[in-house]
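Peer 1: pasting a predicted model and its sequence here:
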Amino acid sequence: MVVRLSKYILILDYRVSNLFSISNAITSIGCDVKVSSEKKDLKNASAIILPGVGSFPKAMGNIIDLNLDEEIKKFAKSGKQVFGICLGMQLLFDKSYEFGETDGLALISGDILPLASLKSDICSPHIGWNSVISVDQNISKKNEDFYKNPYYFVHSFYAEPKDKEDIFSNTNYDGISFCSSIRKDNIFATQFHPEKSGKFGINILRKYFAAFIN
């Protein structure tokens with residue numbers, strides 16, 4: 001008898017986000033989902049999602065209290081897929097300047113800064129639908145659908161990667177431009193919320209997690 005190993009996508013619960021929308025979205029594309037803050041579930045997952053609402057210091061503090069910080073790093077370094085959403089994307093970086101300075105997971109080199117640091121009179125938070133722009137024409141041709149659709153944003157801080165090759169897209173807003181998605185090896189993350197971006201966002205999740213669709 002052949003035993004089929006369970007493939008599930010783990011949504012990490014670090015107790016700052018409403019996880020219903022992203023759990024629903026992943027289930028809707030035909031993937032098995034588990035929501036957990038247990039290390040054992042992280043070790044057995046095929047891919048993980050770092051979700052998306054709340055403050056950086058609170059989320060990072062909870063991750064450390066739950067002893068998940070080193071486990072997330074090990075998971076990422078194992079080559080398994082990691083998907084970050086909004087706050088989840090920001091947590092991947094070295095440091096955030098939200099309410100002081102807080103160290104992040106340091107899987108992506110760079111800092112998290114306030115949008116107001118780009119323009120003092122910017123309308124912040126940035127809330128609503130916006131487009132994304134390719135930083136590489138070759139990437140754009142491979143991922144045409146990604147770049148031609150708008151997505152839903154809600155944030156006051158943005159990521160500033162040190163290595164510009166990690167930037168997958170930028171977004172223009174109120175006269176400034178910021179990094180709206182990143183890709184590095186097995187890590188992909190978006191500043192916008194694919195789970196709140198209708199069929200366009202669902203298509204991103206379906207493409208990224210195609211290997212785990214039942």
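Peer 2: Happy to help now that I have it. Only a predicted model underlies this, so the values are computations on that prediction, with no experimental measurement involved. Numbering: from 1, shown residues only.

Peer 1: what about Gly88, distance to Gly175?
Peer 2: Distance of Gly88 to Gly175, computed by C-beta to C-beta, to the nearest Å: 27 Å. Just so you know, the C-beta spots here come from the backbone N, C-alpha and C atoms, and that holds for glycine as well.

Peer 1: neighbour-wise, which of those two wins?
Peer 2: Set side by side, Gly88 and Gly175 show more neighbours around Gly88, with 26 against 10, by other C-beta atoms under 10 Å.

Peer 1: was I right about the more buried one contacting Pro51?
Peer 2: Yes. Counting by C-beta atoms under 8 Å, Gly88 does reach Pro51; the two are 5.3 Å apart.

Peer 1: now the helices: where do they sit in this structure?
Peer 2: Using DSSP state H, the helices found in the chain span residues 20-28, 39-44, 56-65, 69-77, 87-91, 137-142, 144-148, 198-208.

Peer 1: what's the closest of those helices to Pro125?
Peer 2: Nearest to Pro125, of all the helices of the chain, is helix 87-91, at 12.4 Å by C-beta to C-beta.

Peer 1: pLDDT of the closest one, averaged?
Peer 2: Helix 87-91 shows a mean pLDDT of 98.

Peer 1: okay, buried residues for that helix please.
Peer 2: 87-91 (16 or more other C-beta atoms under 10 Å).

Peer 1: what's the closest of those residues to Val154?
Peer 2: Using C-beta to C-beta, Leu87 comes nearest to Val154 of the buried residues of helix 87-91, at 10.2 Å.
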